[in-house]
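Student: please find the sequence and the predicted model below.
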Amino acid sequence: MPELPEVEVTRRGLEPQLAGRVISGVAVREARLRWRIPREVRLLAGRTVRGIARRAKYLLVDLGDGHLILHLGMSGSLRVLAAGSAPGKHDHFDLELGDRVLRLRDPRRFGAVLWTAAPPQTHRLLAHLGVEPLSRAFNARRLHELTRGANVSIKQFLMDGKRIVGVGNIYASESLFRAGIDPRKASRKLSVEEAKRLVPAIKRTLLAAIRAGGSSLRDFVGSDGASGYFQQRHWVYDRAGQPCRRCRAPIRRIVQGQRATYYCPSCQK
DNA sequence: CTGGTCACCTGGAAGC
DNA sequence: TGCTTCCAGGTGACCA
């Protein structure tokens, strides 16, 4: 569920609530997530939360002598609740912080809770990640270089975390609509002009979603426990058969790399 | 190294 | 109403 904007909104919501607080305990109700929650995680009591960073869709909780690595997978969400709040069916993990608790809910269990004592960027899951789309390093020249020789469609290219991180299935379709580029276009054929449209389209799409508090899909719950993020209007995502908001042509749904892609056949060439 | 496919897991919606 | 099938925001593992 969560793409980069949801993870970033979660990070911004969590950090002021957790920074400076001391871990008083850990509860693991279901250790079998994407990977089994390692034993070190159960032994974190006494450490202080220094801050929370984000790399791609990973949240990195700085505990001084190491980092707790959190990933929300397809259906994960994090909330901060009062200590003692009764856990629900899919509430697998708690980080207890005195009078409050950071709780991970993840029905599909594709998420992860890991620990690393080494610099997190050297962790095997993070070491080979691509460029952050909201960074200055991600510009038209860089995108154009990256696409040279890439033998996949531009939609699949955008979703490949070894090239660009954080652009998931919703925002890949949305960004390509904004840039007026056909999602089936071969990456290697992306022109400099198209790269110059696509980079700001991606940045604007992600920033708009962050500003909106994350695109509100069903099971995303804000870190403060408030439900009901503003439902963003998508240009094309999940709008198969409905009229394009720009030209009224019916939005088309295709499958690329086993994932649904939505686009306007008239606006995107 | 690249690209294509599968796997992991649960729940909601649609179809019969 | 109840059963079956399909689909879903991610991404590592494996294969040719």
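Tutor: Nice, thanks for sending it over. Source: prediction; values computed, not measured.

Student: looking at chain A, which helix is longest?
Tutor: helix A:192-211 (DSSP state H).

Student: how much space between A:Leu176 and DNA strand B?
Tutor: Distance, A:Leu176 to DNA strand B, by CB to the nearest atom of the strand, to the nearest Å: 17 Å. Where C-beta positions appear, they are placed from N, C-alpha and C, glycine not excepted.

Student: ok, A:Ile154 - contacts?
Tutor: Contacts here follow CB atoms under 8 Å, 6 or more residues apart in numbering; on that basis A:Ile154 touches A:Thr147, A:Leu176, A:Ile181, A:Asp182, A:Pro183, A:Arg184, A:Lys185, A:Ala186, A:Ser187, A:Leu190, A:Leu198.

Student: and these, which is closest to DNA strand B?
Tutor: A:Ser187 (7.2 Å; CB to the nearest atom of the strand).

Student: pLDDT score for the closest one?
Tutor: The model reports A:Ser187 with a pLDDT of 98.

Student: what is the neighbour count of it?
Tutor: 21 (other CB atoms under 10 Å).

Student: quick check: A:Val255 is in a strand.
Tutor: Yes: judged by DSSP: H, G, I helix; E, B strand; the rest coil, A:Val255 forms part of a strand.

Student: okay, and the beta partners of it?
Tutor: Under DSSP bridges, the beta-bridge partners of A:Val255 are A:Ala260.

Student: ok, it - how many residues close by?
Tutor: A count of nearby residues for A:Val255, using other CB under 10 Å, gives 8.

Student: what about the helices in the stretch 51-200 of chain A?
Tutor: Along the stretch 51-200 of chain A, counting by DSSP state H, counting those that start in this stretch, helices occupy A:140-147, A:154-158, A:169-179, A:192-211.

Student: indicate which one of those is closest to DNA strand C.
Tutor: That would be helix A:169-179 among the helices of the stretch 51-200 of chain A, by CB to the nearest atom of the strand, at 3.6 Å.

Student: and the closest one, what's buried?
Tutor: Within helix A:169-179, the residues scored as buried using 16 or more other CB atoms under 10 Å are A:Asn169, A:Ile170, A:Tyr171, A:Ala172, A:Ser173, A:Glu174, A:Ser175, A:Leu176, A:Phe177, A:Arg178, A:Ala179.
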